[in-house]
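S.K.: Turn this into a model:
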Amino acid sequence: MKPSRDQKIWMYEQMHTSRYFEECIEKIYMEGKTPAFNMANGPIPGEMHLSNGQEPCAVGVCAHLNADDIVTSTHRPHHEAIAKGVDLDRMAAEIFGKKTGLSGGRGGHMHIFDARVNFSCSGIIAQGMGPAVGAALSRKLQRKEGVAVAFLGEGAANQGAFHETLNLAAVWKLPVIFVIEDNAWGISVAKSASTAIERNDKRAAAYGIPGHYVPDNDPLAIFEVAGEAIARARRGEGPTLIEIETYRLAGHFMGDAEGYRPEGEKEALFARDPIPKLRQHLFDNEDWSDAQDQELVARAHARVDKAIQFARDSEYPAPEEALEKVFI
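M.R.: Prediction:
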């Protein structure tokens, strides 16, 4: 299953939107945090995990999904939220802690939730996997259409939840796809120093389900593999495990000095940036022009600028609202 021209352009635009959104958030996040970095200062306090470089994982998978399909993401969720169709204005407001945010400013960037498009994420490693399996089970029991996709990092493959959920999904033959974004680093620990197996897709065999590996952070290859897995799930043939080789162009979090990276690694990754590569593919294969490219980039940037302005202009919730919408 190869992407059409329109699907390639859609993926390219979502990647531009995500990258520019992250670049804007990065600049705003640092407001008030210099010269001495203090995570509590500025209009966006707390931790911030950017997804620069990992955009292909989101678009290659979400190109096959609709609003009724479920996506659970990680502490690094913005690219997947954008590709799934989460309201960008309200997501930006949520990151700013504003009243107009998706959860009224209560969740922040690691707890984005948009029921309209069935998207959620969690700051706890591997903890989106259980809800994805539960959502897939609910679809199967109710005989409803829809698949669930759980995105996770390669470090999450060493958590107990990973093995528990793969086992249940395989036993119950659920319509769920597990997508590992392997960016080679679990915070500052290299995959080779934490994981006994070179590639996590091979672990699928232990649960009797298909496992696929996609190298080179290639959105077109991801599209093909994800399309097969999602079609298989829709046919009632059960779960699939996919591991994608991707690249984290930023630190684990904002403020990360990245001293653990080998010399020259980051520069080499920027040379493999997936956005210019997809741009060149469009020029070479899809009759793409400079005018079309400039229009698409301008449209993506305008959408982000509007969302950021909406977030800045929105009001903060009243302090007493912290006591609302909580379990007692």
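S.K.: drop to CA atoms for contacts and neighbour counts, all remaining ones
M.R.: Will do.
S.K.: Output the below-cut-off pLDDT ranges for this structure.
M.R.: Confidence mapping of the chain against pLDDT under 70 gives the ranges 327-328.
S.K.: now the helices for it?
M.R.: For the chain, helices defined by DSSP state H occupy the ranges 5-29, 55-62, 78-84, 88-95, 129-141, 160-172, 191-194, 219-234, 265-270, 274-285, 290-313.
S.K.: tell me the contacts of the residue nearest to the spatial centre of the chain?
M.R.: Against the mean C-alpha coordinate of the chain, by Cα atoms, centre = their mean, the closest residue is residue 80 at 3.3 Å. Residues in contact with residue 80, defined by Cα atoms under 8 Å, 6 or more residues apart in numbering, are 55, 57, 58, 59, 62, 73.
S.K.: buried residues in stretch 26-45?
M.R.: The neighbour-count check on stretch 26-45 (16 or more other Cα atoms under 10 Å) flags 26, 28, 29, 30, 32, 33, 39, 42, 43, 44, 45 as buried.
S.K.: a markdown table please, covering the residues you listed and showing distance to residue 156.
M.R.: Supplementary listing: these in a markdown table, determined by distance: Cα to Cα, whole Å:
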| residue | distance to residue 156 |
| --- | --- |
| 26 | 25 |
| 28 | 29 |
| 29 | 27 |
| 30 | 28 |
| 32 | 33 |
| 33 | 30 |
| 39 | 25 |
| 42 | 31 |
| 43 | 30 |
| 44 | 27 |
| 45 | 26 |
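S.K.: From the contacts of residue 80, pick the one nearest residue 210.
M.R.: residue 57 (18.3 Å; Cα to Cα).
S.K.: Could you tell me how many residues sit around the closest one?
M.R.: By the criterion of other Cα atoms under 10 Å, residue 57 has 29 neighbours.
S.K.: Make sure it is actually in contact with residue 247.
M.R.: No - in this structure, residue 57 sits apart from residue 247 without contact. The criterion is Cα atoms under 8 Å, and the distance is 10.1 Å.
S.K.: Overlap in contacts, these two.
M.R.: In contact with both residue 57 and residue 247: residue 217, using Cα under 8 Å, 6+ apart.
S.K.: contacting residues around residue 212?
M.R.: Residues touching residue 212, when contacts are defined by Cα under 8 Å, 6+ apart, comprise 201, 202, 225, 240, 241, 242, 243.
S.K.: gap between it and residue 229?
M.R.: Look at residue 212 and residue 229: by Cα to Cα, to the nearest Å, they are 9 Å apart.
S.K.: got it, and residue 260?
M.R.: The value you get for residue 260 to residue 229, if Cα to Cα is used, is 35 Å.
S.K.: More neighbours: the two, which one.
M.R.: For residue 260 versus residue 229, the count of surrounding residues by other Cα under 10 Å is larger for residue 229: 26 against 12.
S.K.: Against residue 177, how distant is the more buried one?
M.R.: Look at residue 229 and residue 177: by Cα to Cα, they are 7 Å apart.
S.K.: next one: residue 262
M.R.: 33 Å.
S.K.: More neighbours: which of these two?
M.R.: A direct count of neighbours by other Cα under 10 Å for residue 262 and residue 177 places residue 177 higher, at 29 against 8.
S.K.: got the CA positions of stretch 224-233 in PDB?
M.R.: As requested, the backbone C-alpha atoms of stretch 224-233 are provided in PDB (Å, rounded to 0.1, in the frame of the first residue of the first chain):
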ATOM      1  CA  GLU A 224       3.200   1.200   3.900                       C
ATOM      2  CA  VAL A 225       4.000  -0.900   7.000                       C
ATOM      3  CA  ALA A 226       1.400   0.900   9.200                       C
ATOM      4  CA  GLY A 227      -1.200   0.600   6.400                       C
ATOM      5  CA  GLU A 228      -0.800  -3.200   6.300                       C
ATOM      6  CA  ALA A 229      -1.000  -3.500  10.100                       C
ATOM      7  CA  ILE A 230      -4.000  -1.300  10.400                       C
ATOM      8  CA  ALA A 231      -5.800  -3.100   7.600                       C
ATOM      9  CA  ARG A 232      -5.000  -6.400   9.300                       C
ATOM     10  CA  ALA A 233      -6.500  -5.100  12.600                       C
END
